[in-house]
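1. Got a predicted model here, sequence first, then my questions.
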Amino acid sequence: MRASTITDKIMKVLRLLLITAFWVGVWQVVHLIIGRDIYVPSAFVVFDSLQDLVQTREFWEIVYASMVRVLIGVMISFLLGVSFGIIAGLNKWVYALFNPLMVVIKSTPVISIIIVALVWFTSSNVPVFISFLMCFPIIWTNTVTGIQNVDQKLLQMAKVYQVHRRDVFLKIYLPSLTPFMNAAMITALGLAWKVSVAAEVLSHPRKAIGSELYTSKAYLDSPTLFAWTLVVVMLSLIFEFVLARLVKKWSPYRR
Amino acid sequence: MNIKITNLSKGFGKLTIFDDFSLTLESGSRHCLFGPSGCGKTTLLNLLAGLETKESGTIEGIDQRKIAYVFQEERLIPWLTVRENIEFVVGEKGKSAPDVAHLEAILELVELTSFQNHYPSELSGGMKQRVSLARAFAYNGEILVLDEPFKGLHHDLKLKLMDYVLKYWEMERPHLIFTTHDVEEAVYLSSDIYVLEGPPVSIKAHTQVSGREKSAVIEEILTTMRRV
């Protein structure tokens, strides 16, 4: 590895540490101004609380359970969103049929959907359903946009040369769709964490970050409440980071 | 087999491009559709290739499955290499592997063998157009259609690309139809030149190049164009 690359990396880490220190400082100042732990606990107390949490086996079981719910919800919305999105992108009638449904889902308050889902599903499945339903329109819309943006000149070329439909799909449509799907997945993952945890707060499944947030609130345990919130933020960032790396590695647009 | 266009009509909105247009293109020749930009040359090629639908009239003697088309722009797939771009159009509609020897010969003909693993973004404009030509040659269609394929290229490169086309034509003898508004290109590459005007498209003159002094043909076409 070249010396300049190592220096760049050190500078990057230092910058990140400085930015983190700045915001922790801001947090601490706000805590001192308000002066009540119940409203804004000290950053150090929250980190202590987080340290206590991560040392328990239950913490990891809870994180794992919530993560699985988010992933299942996102995966289902990805599979259905892409499939229906491709069909709707290729057929304007299907698009016209599905578009109002997507508009309704996008504009309905998530809390209304969670309450309805509480009636329909068991507590553990509510977050999965909510993640799916909230991510589905994003993935669907991006897929439709991707299909509609496929270079018509390439399609015309494939038509003249009588290229098999399968090859047209695999070598023109799919790679053209990739950037749209990547953007959709990154947005959907961030959203999925938020809505899934919100659904857990209301549905109280066993072993769930949302349930822990609710319990912390019930006992007015602000440091634990903040600690769990930090966990959600960090998990969301880790997911986004991993996905961005995968996208960079596999994107056909890397050339 | 001759290509026979009879009483062709086609328009876009209120603009009539073809109104009862007829033309016969004899097989074994290299036909040039010569005329100014916007006169309807590309529309005629698109009608032959089935990329546009005619309003009335008939086009006989053409199997649209056997047309190799070189577009004005390269139309290369950016995420496929030179070789993959060519392979994309060959091989029994995606069912069998392409003829490797034929592919290698084509790459050699257009001097792209050492660039076969490059992506289009790594090539110059002229090289991209060579890939586009190679793709058409590799398809091995009975009809080779070139729509102003040398537009915007400098003189030497143009000559080189035209030589590739002539070499390929000598080898495979496809029915060659190309459009241009450059009189030198027309005379260099074709055996028959149709001077078009329009829209609506009409044939102003038909000039045979074979066996004639090139300068005389150029002079004749320029005189016709001045009248147009």
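-> All right, it came through fine.

2. Which residue ranges of the stretch 151-255 of chain A form helices?
-> Along the stretch 151-255 of chain A, the segments classed as helices by DSSP state H, counting those that start in this stretch run A:152-160, A:165-168, A:174-203, A:209-218, A:222-250.

3. Using JSON lines, lay out those together with mean neighbour count and distance to residue A:118.
-> (Each C-beta comes from the backbone N, C-alpha and C, glycine too.) Below are the helices of the stretch 151-255 of chain A laid out as JSON lines (neighbours: other CB atoms under 10 Å in any protein chain shown; distance: least, CB to CB, whole Å):
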{"stretch": "helix A:152-160", "mean neighbour count": "18", "distance to residue A:118": "46"}
{"stretch": "helix A:165-168", "mean neighbour count": "14", "distance to residue A:118": "44"}
{"stretch": "helix A:174-203", "mean neighbour count": "21", "distance to residue A:118": "6"}
{"stretch": "helix A:209-218", "mean neighbour count": "19", "distance to residue A:118": "13"}
{"stretch": "helix A:222-250", "mean neighbour count": "16", "distance to residue A:118": "21"}
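
4. List the contacts of residue A:189.
-> Going by CB atoms under 8 Å, 6 or more residues apart in numbering or on different chains, residue A:189 touches A:70, A:74, A:236, A:239, A:240, A:243.

5. a markdown table please, covering the residues you listed and showing pLDDT and distance to residue A:86.
-> Output for those, formatted as a markdown table (pLDDT from 0 to 100; distance: CB to CB, whole Å):
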| residue | pLDDT | distance to residue A:86 |
| --- | --- | --- |
| A:70 | 92 | 24 |
| A:74 | 92 | 18 |
| A:236 | 90 | 28 |
| A:239 | 89 | 25 |
| A:240 | 87 | 25 |
| A:243 | 85 | 21 |
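
6. So what does residue B:74 have for phi and psi?
-> The phi/psi pair for residue B:74 (degrees, to the nearest 10) reads phi -70, psi -30.

7. longest helix in chain B, by residue count?
-> In chain B, assigned by DSSP state H, the helix with the most residues is helix B:155-172.

8. what does it rub up against?
-> Contact with helix B:155-172 is made by B:30, B:109-110, B:126, B:129-130, B:133, B:137, B:140, B:144, B:146, B:149-150, B:153, B:174, B:176, B:185, B:188-189, as judged by CB under 8 Å, 6+ apart.

9. and residue A:140, what helix or strand is that in?
-> helix A:125-148 (DSSP states H and E).

10. how much does that helix deviate in direction from helix A:174-203?
-> Using axes from the mean of the first three to the mean of the last three CA atoms, to 10 degrees, the inter-axis angle of helix A:125-148 relative to helix A:174-203 is 160 degrees.

11. Up against chain A, what does chain B have?
-> For chain B, the residues in contact with chain A (CB under 8 Å from any CB of the partner chain) are B:49-51, B:65, B:67-69, B:71, B:73, B:75, B:77-80, B:88-89, B:93-95, B:119, B:121-122, B:135, B:139.

12. Mind checking which of those land in helices?
-> If you go by DSSP H, those have B:49, B:135, B:139 in helices.

13. Put together TSV for those, with distance to residue A:220, neighbour count and pLDDT on each row.
-> Converted to TSV, these look like this (distance: CB to CB, whole Å; neighbours: other CB atoms under 10 Å in any protein chain shown; pLDDT from 0 to 100):
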residue	distance to residue A:220	neighbour count	pLDDT
B:49	75	20	91
B:135	71	26	93
B:139	74	21	90
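
14. Can you check which of the helices of the stretch 151-255 of chain A gets nearest to residue A:110?
-> Among those, helix A:174-203 comes nearest to residue A:110, with 5.5 Å by CB to CB.

15. Tell me the confidence at residue B:110?
-> Residue B:110 carries a pLDDT value of 85.

16. and if you look at residue A:41?
-> Per-residue pLDDT puts residue A:41 at 88.

17. mind checking the SS state of it?
-> Judged by DSSP: H, G, I helix; E, B strand; the rest coil, the three-state class of residue A:41 is coil.

18. my guess is it contacts residue A:30, does it?
-> No - Residue A:41 is beyond contact range of residue A:30, at 10.6 Å (criterion: CB atoms under 8 Å).

19. Comparing these two, which residue is more hemmed in?
-> Between residue A:41 and residue A:30, counting by other CB atoms under 10 Å in any protein chain shown, residue A:41 is the more crowded of the two (22 against 12).

20. Next, the more buried one: phi, psi?
-> The phi/psi pair for residue A:41 (degrees, to the nearest 10) is phi -70, psi 160.

21. OK, contacts around it?
-> Here residue A:41 is in contact with A:31, A:222, A:223, A:226 (CB under 8 Å, 6+ apart).

22. Show me how far the helix or strand harbouring the first one is from its chain's centre.
-> Right, the one you point to is residue A:31. Taking DSSP H and E as the criterion, residue A:31 maps to helix A:3-34. Chain-centre distance of helix A:3-34: 25 Å, with CA atoms, centre = their mean, to the nearest Å.

23. Could you tell me which residues of the stretch 151-255 of chain A lie near chain B?
-> Checking the stretch 151-255 of chain A against chain B by CB under 8 Å from any CB, the hits are A:153-154, A:156-164, A:166-167, A:171-172, A:175, A:252-253, A:255.

24. most centrally placed residue in chain A?
-> Central residue of chain A (CA atoms, centre = their mean): residue A:189, 1.4 Å from the mean position.

25. in the stretch 51-200 of chain A, what residue is nearest chain B?
-> residue A:164 (3.3 Å; CB to the nearest CB).

26. Relative to residue B:190, how far out is residue B:23?
-> As judged by CB to CB, to the nearest Å, residue B:23 and residue B:190 stand 15 Å apart.

27. So between those two, which is more surrounded?
-> It is residue B:190, of residue B:23 and residue B:190, that has more neighbours when counted by other CB under 10 Å, with 24 against 18.

28. Count the residues that sit near the closest residue in space to that one that isn't next to it in sequence.
-> Excluding the flanking residues, the one nearest residue B:190 by CB to CB, 6 or more residues apart in numbering or on different chains is residue B:32, at 3.6 Å. Neighbours of residue B:32 under the rule other CB under 10 Å: 29.

29. can you map out the strands along chain B?
-> Taking DSSP state E, the strands of chain B run over residues B:3-12, B:15-25, B:30-34, B:56-60, B:67-70, B:143-147, B:175-180, B:192-197, B:202-208.
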